[in-house]
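*Asks:* Fold the following and give me the result.
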Amino acid sequence: MSAAGDARARALAFTVRQRLVRPGERVLVGVRHGASFGLLNFLGSVREHLGLAEVAGAAVESSTDEHSDAAEAVADAGRLVRKLGLTFHGIRPAGPPGAPVYAVRELVALAREQGFHRVALGHTLADDGLTVLRELLSGRGLVGVSGLAPRRRDGVIRPLLRLSPAEAYGLAAEMPGQRAPDDVDTRRSLLAELAERVMPRMRAIAPSAEASLARLGREIRAMKRVGREDARQRVTVGAQTDGTLVLPTFPDGGILAAEVAKAALAYLTHRPVRDADVDCLAGILAGHKRRQGITLVAGVMVTLPPNGSSVHLKGMIREGIGRADIRPRPGG
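*Replies:* Numbering: from 1, shown residues only. Presented below is the predicted three-dimensional model:
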């Protein structure tokens, strides 16, 4: 079996094992660089095997500036997609010149509008490892580490997550016509700096560095899943008839404290939870940020009884309250 054939077989096995798609679904592939075109070629070649109703491509202009070459890059991508006999969607983000472009958000919105069930992205093993490395440097500990999940609740999937970039580009090289365009985004970020300066040195010292980091991300995600279920049970048990939530303390902190904090805030506020608020409440539950009196976190009143064995929470959502900073009661 050729290298490309082996990569295709492994990607197919991963897609089936992770249940990334179901028969009859329509999949929109975000195309931007060589790896994503490898994904498009892969899904196009296994569409009948997976029973997919449709595979289409889409590209998002990387800039809202009228004078940029983003529109031309999208047009080039469209020509390559159509050579595979697939439908192509070009996306021009709304917003003033210079406004940030969130490509995945644009793709998910288009998918919902056009009736696609999944949005497939071309992230590889290297992207997963780099993401874990960046998250390790965020200062949030293991709580802030997740890596790249194979699938997300918003329909995003990553079928090439176990392939190397070279293998993904090898799948792109099979496409008819000219080679897939390179990623021309020149914006600098921590991820870009790590990819250019740090990972090559780590790879030279430890060739399996990316795979090891990706495995760390998978193991932490598994730990979070267990912690999430435990957290839901603790919130259910701690819910009182008067609307107060009584939770135990977590001297060791870590992932379980963070998952309990996230579940508690979601239960009391009924709105999306910010990482800063989760970190704040998790610190209180772990005893790292304790103060006498009452503390407000994201509109939730947190009371610390004198014995210190539990924490009482009660929703007090009102305008002007919702910041993650800790504010003790006056005189407390």
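
*Asks:* so L216 touches E135, yeah?
*Replies:* No: using CB atoms under 8 Å as the test, L216 is too far from E135 to be in contact (9.8 Å). Placement of C-beta: from N, CA and C, glycine included.

*Asks:* Counting neighbours, what do you get for S62?
*Replies:* 21 (other CB atoms under 10 Å).

*Asks:* so it, which of the three states?
*Replies:* coil (DSSP: H, G, I helix; E, B strand; the rest coil).

*Asks:* and what of A109?
*Replies:* helix.

*Asks:* how close does it sit to V81?
*Replies:* Note on A109: its distance to V81, by CB to CB, to the nearest Å, is 19 Å.

*Asks:* thinking again about what came up before, what is in contact with L216 and E135 at once?
*Replies:* Contact criterion CB atoms under 8 Å, 6 or more residues apart in numbering; residues shared by L216 and E135: 145, 147.

*Asks:* what residues does stretch 103-120 touch?
*Replies:* The contact list for stretch 103-120 (CB under 8 Å, 6+ apart) reads 20-22, 25-30, 32, 39, 43, 54, 56, 58, 60, 62, 89, 91, 93, 121, 154-159.

*Asks:* Helices along the stretch 51-200 of the chain, start to end?
*Replies:* 70-83, 103-114, 125-136, 165-173, 190-193, 199-205 (DSSP state H, counting those that start in this stretch).

*Asks:* Keeping just the C-alphas, turn the shortest one into PDB.
*Replies:* Output in PDB follows, covering the C-alpha atoms of helix 190-193 (Å, rounded to 0.1, in the frame of the first residue of the first chain):
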ATOM      1  CA  LEU A 190       1.800  32.400  19.900                       C
ATOM      2  CA  LEU A 191       0.800  29.300  18.000                       C
ATOM      3  CA  ALA A 192       2.700  30.500  14.900                       C
ATOM      4  CA  GLU A 193       5.800  31.300  17.000                       C
END
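
*Asks:* Output the contacting helices and strands for that helix.
*Replies:* Packing partners of helix 190-193 (3 or more CB pairs under 8 Å, 6 or more residues apart in numbering; DSSP states H and E): helix 125-136.

*Asks:* any idea of the mean pLDDT for the helix it packs on?
*Replies:* Mean per-residue pLDDT for helix 125-136: 90.

*Asks:* same deal with stretch 215-225?
*Replies:* On average, stretch 215-225 scores 89.
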